[in-house]
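A.B. asks: Give me a 3D structure for the following:
(2 chains, ligands or ions: 2)
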Amino acid sequence: MTAPLLAVEGLTTEFATKAGILRAVNGVSFEVARGEVMGLVGESGSGKTVTGFSILGLIDPPGRVTGGSVRLDGQELVGLPGGAMRAIRGKRIAMVFQDPAMTLNPVLSIGTQMGLAIRAHANMSEAKARQHMAAVLTRVGIPDAARRLDAFPHQFSGGMRQRVAIAMALLHAPDLIIADEPTTALDVSIQAQILAEVKSLVAETGMAMIWISHDLATVSSLAHRIAVMYAGRIVEQGPAVAVLRQPRHRYTSGLLASLPSRAQPGAELVQIPGAPPSLTALPPGCAFAPRCPRADRACETLPAMTREGQRVHACHHPVEAGEAA
Amino acid sequence: MLGFVIQRLLQAVVVMLVMSMLVFAGVYAIGNPIDVFLPANATQEIRAQTIAAYGFDRPLWEQYWRFLVRLAHGDFGRSLIFGMPVLPLILSKLPATLEIALAAVLVGTLLGVPLGIYAGYRPNSPLARLIMALSIFGFSVPTFWIGLVLILTFGVYLGWLPAGSRGDTVLVFGVPFSFLTWNGLQHMLLPALNLTFFKLAMMIRLSRAGTREIMLTDTIKFARAAGLSERAVLGRHVLKLISIPIVTVFGLELGSTLAFAVVTETIFSWPGVGKLIIDSITSLDRPVMVAYLVLVAFLFITINLLVDLTYATLDPRLRRGRTA
Ligand SMILES: Nc1ncnc2c1ncn2[C@@H]1O[C@H](COP(=O)(O)OP(=O)(O)OP(=O)(O)O)[C@@H](O)[C@H]1O
Ligand SMILES: [Mg+2]
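C.D. replies: Ligands and ions are numbered 1, 2, ... in the order given. Purely as a prediction, here's the structure:
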């Protein structure tokens, strides 16, 4: 087995808040191989974005990565000095954010912003840089790209804007892209288009990707592997097909059951009852127990990660095959 | 674009008309200027003659109408004190004010914006706290007090700089400026410095607030995620984003300093328009007051127009047409 491209181990990120220490990412471990798409799934507030930012060293005070390690091709990124980390951002690991209307600078032209991103890592003549930008924009499906370099973000539609953001992430052909719900802010048909394009991009370039989403349906069409996050911890991960067909953690099965596509026509949507716990006051045991139909005394202790072949889960009473979730 | 400018100019005419009415009525209410400049022992006859000569015996509307008619011919009237036409009088004092006002606003901006950006970028650093202390000082200490301290320190105690009057000037296209001679520059330093404190404080405040807010946005996170250096983040992204409020305040400050540098010009006996207006108020030099305030309205309208035109070049969202 070859070494993974990215190895995250015990990653822990905390924010000092008025209510106390908020552990947004709590001992998260996973690996991403070259060319692999990993889906990171969880409810709002489960720590997906903070995980992405932590990998890139983009946590601002009052937040801090307080433990664990992130290794890229064996190189430790946690605690890397600013300059060295900057050399990796955008060059080897790039990130695309949720809302392109918020991420692109409204008063700089697309060409200027992409130019800044190019010049952050490469010395390129103006003419060559423009050529490169136009080529990448064309690749993500922006017509007439060379001319549109001088356009400003507001002159693009939402979907086109997100394509621009994806193009910016592709400029230096990174080994890994962290895509943080890049289609959530778009309407459904555009979502599907971009999803399809991203899929073929990944296949063409062989780059790896962490696709963050709260929507299992989106992830299922794209990811090779899925990690499910709950209250800052990964509660289950494994090959996408296995996790989706036979979830082991009861949070995962709850998520699957609440998918609209799985509902019987006319029947009411199933929802997981209750709300996630406050991250400043986590219960000592399984964080999902208060909402879990199978919770008992055993769940008052933290379940260990149990390995089963290619997959792991952290549940005292995993869903058994054949059991109705 | 042309339509926009024309619309603004029409608006300007209306504002100036209203302004002139207000000023006219206000000045009329203050009292009869004749008593101020006639000798105390002037006969009743001479008094009546003089009043008639200036038309002060006429009803207000008629005086105003005459003023408008003369104005239509480009004539603002004559100063009662200087005995010369008002417009050339004001214009002759303008360069002196222009140079200290422009110097103060420029230096305040060029210094204040980088300091403010730094203070917003590293809000908890000791240097940022020092910058903010400076800004609070500039805001809260009255101009006249700073002026007196400057005069006492550099003019009287140290004796390094002259503390009054304008010094040597050079004609540039027929306009006298003092910043081009060594002596003139020395004279201008203290009054300009005195005006600078407030502008500096203002620009620091403004840039700091803008920077703090922008640093928290996804735009900056995204730029950093692309590997941009902090220098590029601040110098390109942040600076461009805060430039719009800065241009606005730059314009307003320049306008208000040009119009009302009264305190500084009085303290430093600087022969500018601020000193002219305060002198004409004490001597009830009615034509100067009216013309001055109408011109000030014109000045602000012009500056606002320029600021709006600058917006369009800074913020692409305000430009119309040419959608790519
Ligand atoms: N700068 C911050 N200061 C304090 N708390 C923060 C900060 N950023 C994130 N958090 C907290 O960390 C937790 C995880 O947030 P995160 O943004 O990672 O959630 P998410 O899984 O990405 O959710 P979503 O689907 O809504 O994007 C949340 O409880 C959030 O309140
Ligand atoms: Mg998020």
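
A.B. asks: can you map out the helices along chain B?
C.D. replies: Listed from the start of the chain, chain B has helices (DSSP state H) covering B:2-30, B:34-37, B:44-54, B:60-72, B:86-121, B:126-140, B:143-150, B:182-215, B:218-225, B:230-232, B:239-260, B:262-267, B:273-282, B:286-314.

A.B. asks: Oh, that last question was meant for chain A, not what I typed.
C.D. replies: For chain A, applying DSSP H gives helices covering A:48-56, A:82-88, A:100-103, A:110-119, A:126-139, A:145-148, A:158-170, A:188-205, A:216-220, A:240-245, A:250-257.

A.B. asks: is chain B contacted by the fourth one?
C.D. replies: I take that to be helix A:110-119. Yes. Contact between helix A:110-119 and chain B, assessed by CB under 8 Å from any CB of the partner chain, occurs at A:112, A:113, A:116, A:117, A:119. Any C-beta I mention is one placed from the backbone N, CA and C, and that applies to glycine too.

A.B. asks: ok, now how distant is the fourth one from residue B:117?
C.D. replies: As for residue A:117, its distance to residue B:117 is 21 Å (criterion: CB to CB, to the nearest Å).

A.B. asks: rewinding a little: can you lay out the residues of helix A:110-119 next to chain B as CSV showing neighbour count and pLDDT?
C.D. replies: Below are the residues of helix A:110-119 next to chain B laid out as CSV (neighbours: other CB atoms under 10 Å in any protein chain shown; pLDDT from 0 to 100):
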residue, neighbour count, pLDDT
A:112, 17, 94
A:113, 27, 95
A:116, 22, 94
A:117, 27, 94
A:119, 16, 93
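
A.B. asks: With distance to ligand 1 as extra columns, can I get those in TSV?
C.D. replies: Output for those, formatted as TSV (distance: CB to the nearest ligand atom, whole Å):
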residue	distance to ligand 1
A:112	28
A:113	23
A:116	25
A:117	23
A:119	29
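
A.B. asks: Would you mark the buried spots in stretch A:306-322?
C.D. replies: Residues A:311, A:312, A:313, A:314, A:315, A:316, A:317, A:318, A:319 are the ones in stretch A:306-322 that count as buried (16 or more other CB atoms under 10 Å in any protein chain shown).

A.B. asks: ends of it, how far apart?
C.D. replies: With CA to CA, to the nearest Å as the measure, stretch A:306-322 spans 20 Å from end to end.

A.B. asks: Check the model's average confidence along that stretch for me.
C.D. replies: Per-residue pLDDT values over stretch A:306-322 give a mean of 86.

A.B. asks: what does stretch A:100-108 give?
C.D. replies: The pLDDT scores in stretch A:100-108 average 90.

A.B. asks: That one and chain B, any residue contact?
C.D. replies: Yes. For a cut-off given as CB under 8 Å from any CB, stretch A:100-108 has contacts with chain B, namely A:102, A:103, A:104, A:105, A:106, A:107, A:108.

A.B. asks: how many other residues sit next to the first one?
C.D. replies: By the measure other CB atoms under 10 Å in any protein chain shown, the count of residues near residue A:102 is 14.

A.B. asks: what's the pLDDT at the residue lying farthest from the centre of chain A?
C.D. replies: Of all residues in chain A, the one whose C-alpha sits farthest from the chain's mean C-alpha position, using CA atoms, centre = their mean, is residue A:127 at 34.3 Å. Per-residue confidence at residue A:127 stands at 91 (pLDDT).

A.B. asks: now residue A:264
C.D. replies: According to the predicted model, the pLDDT of residue A:264 comes to 67.

A.B. asks: thought residue B:310 was touching residue B:246?
C.D. replies: No. When contacts are counted by CB atoms under 8 Å, residue B:310 is not listed as touching residue B:246 (10.3 Å).

A.B. asks: what residues does chain A put near chain B?
C.D. replies: With CB under 8 Å from any CB as the criterion, chain A meets chain B at residues A:53, A:56, A:58, A:60, A:86-91, A:94-95, A:97, A:99, A:102-109, A:112-113, A:116-117, A:119-121, A:147-148, A:150-152, A:154-155, A:165, A:168-169, A:171.

A.B. asks: Any of these buried? List them.
C.D. replies: Judged by 16+ other CB under 10 Å, buried ones among the residues of chain A next to chain B: A:53, A:56, A:58, A:86, A:88-91, A:94-95, A:97, A:99, A:103-105, A:107-109, A:112-113, A:116-117, A:119-121, A:148, A:151-152, A:155, A:165, A:168-169, A:171.

A.B. asks: Tell me where chain A is predicted with low confidence.
C.D. replies: Confidence mapping of chain A against pLDDT under 70 gives the ranges A:1-2, A:262-269, A:324-325.

A.B. asks: Find the residue at the geometric middle of it.
C.D. replies: Centrality entry for chain A: nearest residue to the mean C-alpha point is residue A:212, 2.6 Å, by CA atoms, centre = their mean.

A.B. asks: quick one, what contacts that one?
C.D. replies: Neighbour list for residue A:212: A:39, A:40, A:41, A:48, A:49, A:51, A:52, A:178, A:179, A:180, A:181 [criterion: CB atoms under 8 Å, 6 or more residues apart in numbering or on different chains].

A.B. asks: measure the spatially closest residue to residue A:290 that is not a sequence neighbour to residue A:292 for me?
C.D. replies: Leaving out its chain neighbours, the residue that sits closest to residue A:290 by CB to CB, 6 or more residues apart in numbering or on different chains is residue A:274, at 6.1 Å. Noted for residue A:274: a distance of 9 Å to residue A:292, by CB to CB.

A.B. asks: Check residue B:292 too.
C.D. replies: As defined by CB to CB, residue B:292 lies at a distance of 79 Å from residue A:292.

A.B. asks: Comparing these two, which residue is more hemmed in?
C.D. replies: Legend: neighbour count by other CB under 10 Å for residue B:292 and residue A:292, higher for residue B:292 (24 against 21).

A.B. asks: ok, residue 257 - how many residues close by?
C.D. replies: Picked chain A for this. The burial metric for residue A:257, expressed as a neighbour count using other CB under 10 Å, is 16.

A.B. asks: Hmm, no, I was thinking of chain B.
C.D. replies: Neighbouring residues of residue B:257 were enumerated by other CB under 10 Å; the total is 23.

A.B. asks: what about the residue nearest to it when sequence neighbours are not counted, neighbour count?
C.D. replies: Spatially, and ignoring its direct neighbours in sequence, residue B:257 is nearest to residue B:101 (4.0 Å; CB to CB, 6+ apart). Other residues within reach of residue B:101 by the criterion other CB under 10 Å amount to 29.

A.B. asks: What residues does residue B:101 make contact with?
C.D. replies: Contact criterion CB under 8 Å, 6+ apart gives B:195, B:254, B:257, B:258, B:261 as the residues in contact with residue B:101.

A.B. asks: And the strands in the stretch 201-325 of chain A?
C.D. replies: A:208-213, A:225-230, A:233-239, A:306-308, A:311-313 (DSSP state E, counting those that start in this stretch).
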